[in-house]
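Participant: My questions concern the predicted model and sequence given below.
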Amino acid sequence: MEGCCLDRFTTSDNVMDYLNEGGNYIPAENDLHREFHLHLSDSKFQNAATTTQHLYEVLTKLFKDGNMMRYGTMWDQTDGCSKQYRCSIAYYLLSFLSSTFVIDIDRGIDTPGHGKDVVDGFNAVQKRYLKSCLRSRATPEVHDSSSKQMRVNAMTEEGEVSFAEECKRLLLRRDQLGTGGDKKHAKREARAKLKESIYWIHTEANLKFNEMKATYKILNNTEGMGMMQFYHIRCDPDLGKGFCALRRIPCACFACVDQLSHKWEPNISVTEQPRYAIEPESCKYSSILHGYNRWYIAELQLIQKTVDESVIEYRDETILNGQTWAVADQIDSGAFGAFQTTDTSHTNGYYIVQWIGNAYTLQERHLCHAFDPPNIIEEGELVCRAKFWTTTSKGSLWYYEPPNDILVMVRLKQVLMPYFEMKNPNDPSTKLPRNLKRFTDMNPHVLCKEDHLTMMDKIEGRQNLNYEEYVEDDDDYYRPVRPLTVLHCAVLWVGRPVPV
């Protein structure tokens, strides 16, 4: 049994006014919705793999219900249980979740340890009720699905009925009937902070990372710090899988949060990124700590003998699929985007396209004839139609619109940047080079150098997300069936675009 108390903002008038008009947020009643997630399982495992699976399910539900957004931040407070929340593999899997859902996960560790958190209070209520149900047992012959009695055949380790399932049934029954009593308790119940309880059932088969272990190395560790000396952990999708930021004391004052909003700079090492390399002078603890609470960057690596190849493939595919949904959310018809290619002889490692319409899920297999030979895109892929823009020469950041549109169906798994701006010579800050005057009538646009460096940075960052896809091809033109190696998170099209 593991509990998770979730507080999230509602769409009250007060919250929406703050989001639309800005200013300082003033708390008001009904701004927060509190729900309690209780995770039940018949498995005995209590480790980082279980807590990761639980958090994965909760985040999936939040995104599905529209209560969480990509590039947002999840503020996480937990106790000091090292095996579940505060070890190398726990932080590695936290970076996996951050990369998958494309969110920042900011975790603060409570120093008092077990038994002092709001979750422990809610868990105690559930356990007390279930104990009372255990005292009034029912045999299988007389058991009623609406009964408050615990089924006898669910109370053994290898019982016919799942003990976790039976506990969920009893808790749901109690919630449906209510625990408040008669009408005189109505006002008190209406003022209760807890609005909803959600119960999850997990099986041992769900634990994808159960046997994995990891080691850590603090990259900018000049003081000889150890993992257990840090109580503030932050996983950032820009840091990527296998990296996290650590510091001694959790702090979310205005200065620290503002510092973390600094833009990620391409071509700069993770230890020198402005959002982590600089300690804000106006932090509320700065007068006391005097530089003691700076960020450290930890690299987390899996111990290879504890890793199964199928689990690694599942990990990389899950991260890629999550990032693909984040890309889909940002695509805007008419805007510019870029996707990766292995054709470095004629390009900078990516193609510039202009989106036509919005992203959607492919309903049937598609042959993309923009390349020679054509490429196969399988049913169920997230895609978007686009048209190519052509570079004036290799290495140049100037692009022009071809006289005849070259249309392409882009797999969003390949997209490096779904949205950026390109300037044309009409912009006062942009001037077409003299040697490109022949492109004046071809609607030339220039790519910002910073965006170019960002894309090169993303290409390098995707090097460790390799897995293989197999496409079964029934068309004689494409036989024999061949494995397509998915490098840099996607099938990289080697062929050059051809006019349509």
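Facilitator: Received, thanks. Numbers count the residues shown, from 1 in each chain.
Participant: partners of E299 in the sheet?
Facilitator: Counting by DSSP bridges, E299 is bridged to K217, F243.
Participant: which residues does it contact?
Facilitator: With contacts defined as CB atoms under 8 Å, 6 or more residues apart in numbering, E299 is in contact with Y216, K217, I218, L219, G242, F243. Just so you know, the C-beta spots here come from the backbone N, C-alpha and C atoms, and that holds for glycine as well.
Participant: And the helix or strand hosting H39, what does it pack against?
Facilitator: Using DSSP states H and E, H39 sits within strand 32-41. Using 3 or more CB pairs under 8 Å, 6 or more residues apart in numbering; DSSP states H and E, the elements in contact with strand 32-41 are strand 2-9, helix 48-64, helix 118-135, helix 163-177, strand 194-202.
Participant: And it, how far out from the chain middle?
Facilitator: Relative to the centre of its chain, strand 32-41 is centred 20 Å away, using CA atoms, centre = their mean, to the nearest Å.
Participant: follow-up on the earlier one: which of the contacts of E299 count as buried?
Facilitator: Those of the contacts of E299 that meet the buried threshold are Y216, I218, G242, F243, by 16 or more other CB atoms under 10 Å.
Participant: of those, closest to E160?
Facilitator: When these are compared for distance to E160 (CB to CB), G242 comes out closest, at 43.1 Å.
Participant: Next up, the contacts around that closest one.
Facilitator: Y92, S95, E299, L300, Q301, N464.
Participant: if you count residues, which helix in the protein comes out on top?
Facilitator: Longest helix in the chain by number of residues, with DSSP state H as the criterion: helix 309-330.
Participant: C-terminal to that one, which secondary structure element comes first?
Facilitator: strand 336-340.
Participant: packing partners for the next helix or strand along the chain from that next one?
Facilitator: Counting by DSSP H and E, the element after strand 336-340 in chain order, helix or strand, is strand 350-361. Helices and strands touching strand 350-361, as assessed by 3+ CB pairs under 8 Å, 6+ apart, comprise strand 336-340, strand 382-391, strand 407-411.
Participant: Determine which stretch of those strands is the most buried.
Facilitator: Here the criterion is mean neighbour count by mean count of other CB atoms under 10 Å, and of those the winner is strand 336-340, at a mean of 24.
Participant: now for that strand, which elements pack on it?
Facilitator: Counting by 3+ CB pairs under 8 Å, 6+ apart, the elements that strand 336-340 packs against turn out to be strand 350-361, strand 407-411, strand 415-420.
Participant: out of the helices and strands packed on strand 350-361, nearest to A164?
Facilitator: Distances from A164 to each of those were compared using CB to CB; the shortest belongs to strand 382-391, at 34.5 Å.
Participant: now that closest one, how far from the centre of its chain.
Facilitator: If you compare the mean C-alpha spot of strand 382-391 with that of the full chain, they lie 26 Å apart, counting by CA atoms, centre = their mean.
Participant: Repeat that for stretch 66-80.
Facilitator: Centroid separation between stretch 66-80 and its chain, computed with CA atoms, centre = their mean, is 10 Å.
Participant: quick one: average confidence on that stretch?
Facilitator: Averaging pLDDT along stretch 66-80 gives 87.
Participant: P237: what's it in contact with?
Facilitator: Contacts of P237 were listed using CB under 8 Å, 6+ apart, and they are Y71, S98, S99, V102, I103, D104.
Participant: Ok, D175 next?
Facilitator: With CB under 8 Å, 6+ apart, D175 has these contacts: S197.
Participant: And the pLDDT for it?
Facilitator: Here the pLDDT value assigned to D175 is 83.
Participant: circling back: which parts of the longest helix of the chain are buried?
Facilitator: Along helix 309-330, the positions that meet the burial threshold by neighbour count (16+ other CB under 10 Å) are 311-312, 315-320, 322-328.
Participant: So which other helices or strands are in contact with that helix?
Facilitator: Secondary structure elements in contact with helix 309-330, counted by 3+ CB pairs under 8 Å, 6+ apart, are helix 88-101, strand 382-391, strand 415-420, strand 467-471.
Participant: Go through these and name the closest to L32.
Facilitator: Taking CB to CB as the measure, these were each checked against L32, and helix 88-101 came out nearest at 21.5 Å.
Participant: Please report the distance of the spatially most central residue of the chain from S41.
Facilitator: Among the residues of the chain, the one closest to the centroid is F101, at 1.5 Å (CA atoms, centre = their mean). Distance of F101 to S41, computed by CB to CB, to the nearest Å: 22 Å.
Participant: follow-up on the earlier one: need the winner for burial among the helices and strands packed on strand 32-41.
Facilitator: Comparing the helices and strands packed on strand 32-41 by mean neighbour count (mean count of other CB under 10 Å), helix 48-64 comes out on top with a mean of 19.
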